[in-house]
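Trainee: just to be clear, the model below is a prediction. Sequence and coordinates:
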Amino acid sequence: MENLRLLLDEPLLSLQLLLDGVLIGFVFALPALGMALVWGVMGLINVVQGELVMLGGYVAFFLFRAGVHPLFGVPAAALCLFVLGWALYRAVVFRIVERDLFISILATFGLSILLQQLANLLFGANLRTVESGFGTLSLCGGAISVYTVKLISCALALATAGALMLFLKSSRRGQAIRASAQNARAARVIGVDIDRVYAWTFALNAAVCGAAGALVAMIWVVHPYLGLPYTIRSFMIVIAAGLGNMAGVLIAALGVGVAENFAGFVLGAEYQSAFVFALLVAFLVARSRWLARHRRYLA
Amino acid sequence: MAHRIASSVAIAAVAFCAVRAEAADDSVVLGAAVSLTGKYAVNGKNTKDGYDLAVERINEMGGVQIARKTYKLSIVYYDDESTPARGAQLAERLISQDGVKFMLGAYGSGLTKAMAPITEKYKVPHVEANAAARELFTQGYRYLFAVLSTSDYYLRDALGIAVEIAKSHGRDPATFRIAMAFENDPFSLDIRAGVLEDAGRYGMRVVVDDKLPPEINDMSATLTKVKALRPDVLLVSGHEKGATLVVRQTAEMKVDVPLVATTQCDSAQIAENMPQKAEGVLCAAQWDRHLSYRDKWFGTAEEYAQRFERKFKYPTPYQAAESTAAVLVYADAFERAGSLDPEKVRDAIAATDLNTIFGPIKFDATGKNVAKQMVMYQVQKGAYRVVAPARWAESPIEWPRKPQW
């Protein structure tokens, strides 16, 4: 209660939390967009999402250590992960597309454990950080501080998401992806190489996650076990937004970011995740009620 | 066919020998489950390296003399994957399948808590160096011994420092306000209990008391609160992640608290990775290479650290030094017991009065080491300098912290 009073007494704090929440929401949005894409197009719940984020973070870290400016880490991580995503599709994922949902969850879960442990073996469990060297902006006489990297990462996340949507909307390959999402069989009939489309989709998802990972490395820390919270968050965001609703995913991600920040402030860090999950449950119950009423109305 | 049978017999023989070799006549086998994978993998490796260095050094010096016979030491390891359930399984396996009669500890209180009942059941001595939770020593365990200070002592010294500062600046310590964020695990919650006890004694008020979930990657919500409330002391414990996050995010969010103390910053390498952001941060540690501890195996603490670095090529963390000490306790106890009977060795361990590179070791009736003190570092100009206890201090404490951001 004391925290709540503090929040009400100092409106600038709310602004700070809101700002932070929105900015980190953009970082959450990237893997969620990727998950929505893979889920929508391939009917696959990709549990390996968080590990792709983690690997993107490592790409950024190693480039940074080699003396490359951290900002270049973002496209570089996206590129590396694109290749890895393609390879993963060709090696494993193509076997489980169009199979039972349970099998795909199990298989990608296995893959996520494998990648975690490989990362642990290859890179060690040490925490890694990328020091961007950017400062902090102080607003309102220091009452509000915005870490510049968060601003930059928000811009980069928007750019990545924008590029993804543009690609899906206007490129030939993007159209094929959307066609496959609508009806895979019909797309196949009119000559779309579904297998190739799936490979592209999975690789694109990996690239988007990789970009997110590079941002995570600049803002927080990277270690082999950071994946799960990102996977779960993405899952939650996609569930809340509904499939095939990219703008919804973005908004839900920002919502999760803001909710996490406020919950952490008011309830304490230990209830941060619990609160967000409770919110999801409440949201789903409300939505299904609303839908049920609509259905009755239509009938 | 005959060839195939011969080869399978050979394989079986090799496998058999491999198992029996561990119990060969002239060696004493210690068993350990350590975290080589999972979230404690960094500290797990520190632990294993510490054990290995001790074994190597003891064997290099001829081994241990038990009843006029010389034995070499060796260790059987398993990876506990940082999960307590797995640790308990492995303890069972080490004792009942591999025939280990002397156990070394795992990394972390959670794991040790799971393994102690098993070593107790089989009456196997269990000397551990990396589990500091206080509750381990309130269960009446007879076979569990810890060479390190229990975790409620980790950050008490930070409050002690705050009290001294308050007095020397003419302020009443009771006006100091504390913000704290501790990970929700037995280790950090114990530190919290110790801090709360002392804060109560000094009359200090706790204004932020957050418990960080183990998977936390972002402390900004907690730190926003800290920034708004302007406490005099900020205490954080959450293994390497807590240390890294608090250093990084207090700098980025410009949270200026005059006294910031945390744990595990040497293994998180905050001064090496973020010298500017870490400037002025206090770190609690079990041990430091500059302390004037010495023993017959390694010489001084500094010589130990140099030897460690030659072998493992990274700065010596205290987790390694304390792990080495656990093996030294065994070596000393074996010689005094003059026997490999677990019960006699257990009694010899209980009577330990030993100086090691890790500090003096003497167990109380509950099995914890009561002879050793914690040390406090401060990051000063990018290096860790011991600032407390006063007896070992390399330089005076810098207060208030002068942030470099």
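Mentor: Done, it's in. Residues are numbered from 1 along each chain as shown, chains lettered A, B, ... in the order given.

Trainee: for the chain, which residues score under the pLDDT cut-off?
Mentor: Since you didn't name a chain, this refers to chain A. The model of chain A has pLDDT under 70 over residues A:1, A:299.

Trainee: wrong one, chain B
Mentor: The model of chain B has pLDDT under 70 over residues B:1-24.

Trainee: what does it put close to chain A?
Mentor: Chain B comes close to chain A at residues B:37-42, B:45, B:181, B:184, B:209-213, B:215-222, B:224-225, B:228-229, B:240-241, B:244-245, B:248, B:252-254, B:268-269, B:273-274, B:405, as judged by C-beta under 8 Å from any C-beta of the partner chain. All C-beta spots, glycine's among them, are computed from the backbone N, C-alpha and C.

Trainee: can you select the buried ones among the residues you listed for me in PyMOL?
Mentor: The PyMOL selection below is limited to those of the residues of chain B next to chain A classed as buried (16 or more other C-beta atoms under 10 Å in any protein chain shown):
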select buried, chain B and resi 37+38+39+40+41+42+45+181+184+209+210+211+212+213+216+217+218+219+220+221+222+224+225+228+240+241+244+245+248+252+253+254+268+269+273+274
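
Trainee: among the residues of chain B next to chain A, which lie within strands?
Mentor: B:181, B:209-212 (DSSP state E).

Trainee: in JSON lines: those residues, plus distance to A:Ser145.
Mentor: JSON lines is the format used below for those (distance: C-beta to C-beta, whole Å):
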{"residue": "B:Ala181", "distance to A:Ser145": "19"}
{"residue": "B:Asp209", "distance to A:Ser145": "23"}
{"residue": "B:Asp210", "distance to A:Ser145": "19"}
{"residue": "B:Lys211", "distance to A:Ser145": "25"}
{"residue": "B:Leu212", "distance to A:Ser145": "21"}
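
Trainee: tell me the one of these nearest A:Met42?
Mentor: Taking C-beta to C-beta as the measure, A:Met42 lies nearest B:Leu212 of these, at 36.3 Å.

Trainee: what residues are up against the closest one?
Mentor: A:269-270, B:181-184, B:188, B:219, B:222, B:238, B:242 (C-beta atoms under 8 Å, 6 or more residues apart in numbering or on different chains).

Trainee: distance-wise, check it relative to B:Ser151.
Mentor: 16 Å (C-beta to C-beta, to the nearest Å).

Trainee: is chain B contacted by stretch A:44-60?
Mentor: No - Stretch A:44-60 does not reach chain B (C-beta under 8 Å from any C-beta); its nearest approach is 10.6 Å.

Trainee: pull the distance from that stretch to the chain's centre.
Mentor: Stretch A:44-60 has its C-alpha centroid displaced from the chain centroid by 9 Å (C-alpha atoms, centre = their mean, to the nearest Å).

Trainee: follow-up on the earlier one: okay, and which of the residues of chain B next to chain A map to helices?
Mentor: B:41-42, B:45, B:220-222, B:224-225, B:228-229, B:240-241, B:244-245, B:248, B:252, B:268, B:273 (DSSP state H).

Trainee: closest approach to chain A from the stretch 301-405 of chain B, which residue is it?
Mentor: Relative to chain A, the nearest point of the stretch 301-405 of chain B is B:Trp405 (7.4 Å; C-beta to the nearest C-beta).

Trainee: and the contacts of B:Leu212, which is closest to A:Val149?
Mentor: B:Met219 (15.8 Å).

Trainee: quickly note the distance from A:Ser138 to A:Thr148.
Mentor: 11 Å.

Trainee: B:Asp52 now?
Mentor: Going from B:Asp52 to A:Thr148 by C-beta to C-beta gives 44 Å.

Trainee: same check, this time on B:Val246
Mentor: B:Val246 sits 20 Å away from A:Thr148, going by C-beta to C-beta.

Trainee: quick one: which of these two has more around it?
Mentor: B:Val246 (32 against 14; other C-beta atoms under 10 Å in any protein chain shown).

Trainee: pull the contacting residues for the more buried one.
Mentor: B:181, B:219, B:223, B:234, B:236, B:260, B:262, B:281.
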